[in-house]
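[1] Test case, fold it:
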Amino acid sequence: MSASCTPQPIVLDEDGYAHGPHVDIQMDNGGYYTIKGMTTPNGRGRHTSIHSRGGASEVVSTITLNSDSSCYIHWLDSNNPDRYSVMWHYEGIDADEVVWQFLMTLSLGSAANLIKKTAETSRYCENN
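    Have a look, this model is predicted:
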C-alpha cells in the first residue's frame, strides 16, 4: 500500500470555492482510494469525498462528508450485477471522527458503519 499526492496550491474557482489536491492511496488488492477536499466561498463549508477505485472497497463506492455533521454514502448493491450504488443521507455525524476512522482502518466499509451507528437520522435517496 502506498499514497501519492501531487503538491499544488489551493485553487479558487470563479465562484470562490477552494479546491485542494487529491490523494490516492494504493491498496494491496490493486484498488485504490481517492480523497479530495473542497471549501465553500465563506470558508465555513468543508467537503471531503473518499472514493473507492478498482475494487478497493466491496461495500461502499463513495462517502461525501458535507461540513461537519452530514454526509452521503453510496453503498454498492451486491444484488445488482452491474454493482450500481444506492445512496443514503445521514445527519448528526462527526465528520472528523469518520475521516479518522477511515485513515486508521483504510476501509470505507468501517467508516460507513461508524456513520450508520452514530447518525441521528438517515434517509434513502432515490436514484433519478
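
[2] The residue of the chain positioned farthest from its centre and Pro41, how far apart?
    The outermost residue of the chain, judged against the average C-alpha position, is Glu14 (24.4 Å), by CA atoms, centre = their mean. As judged by CB to CB, to the nearest Å, Glu14 and Pro41 stand 11 Å apart. Backbone N, C-alpha and C define where each C-beta goes, glycine included.

[3] can you pull out the strands in the protein?
    2-5, 11-12, 18-26, 32-39, 46-53, 60-66, 70-76, 85-91, 121-125 (DSSP state E).

[4] Check the ones you listed for me: which has the lowest mean pLDDT.
    Note on the strands of the chain: strand 2-5 shows the lowest mean pLDDT, a mean of 57.

[5] neighbours of Gly30, just the number please.
    Per other CB atoms under 10 Å, the neighbour tally for Gly30 reads 10.

[6] isn't it right up against Arg53?
    No: no contact is recorded between Gly30 and Arg53 when judged using CB atoms under 8 Å, the distance being 10.0 Å.

[7] hmm, back to that, could I get the strands of the chain as CSV with mean neighbour count and distance to Ala112?
    What follows is the strands of the chain, written out as CSV (neighbours: other CB atoms under 10 Å; distance: least, CB to CB, whole Å):
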stretch, mean neighbour count, distance to Ala112
strand 2-5, 10, 21
strand 11-12, 11, 30
strand 18-26, 16, 17
strand 32-39, 18, 13
strand 46-53, 19, 10
strand 60-66, 22, 5
strand 70-76, 21, 5
strand 85-91, 17, 9
strand 121-125, 11, 11
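
[8] Can you lay out these as TSV showing distance to Phe102?
    As requested, the strands of the chain are arranged in TSV below (distance: least, CB to CB, whole Å):
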stretch	distance to Phe102
strand 2-5	13
strand 11-12	24
strand 18-26	10
strand 32-39	8
strand 46-53	6
strand 60-66	8
strand 70-76	12
strand 85-91	15
strand 121-125	19
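
[9] where's stretch 61-76 relative to the chain centroid, distance-wise?
    A distance of 5 Å separates the C-alpha centroid of stretch 61-76 from that of its chain, computed with CA atoms, centre = their mean, to the nearest Å.
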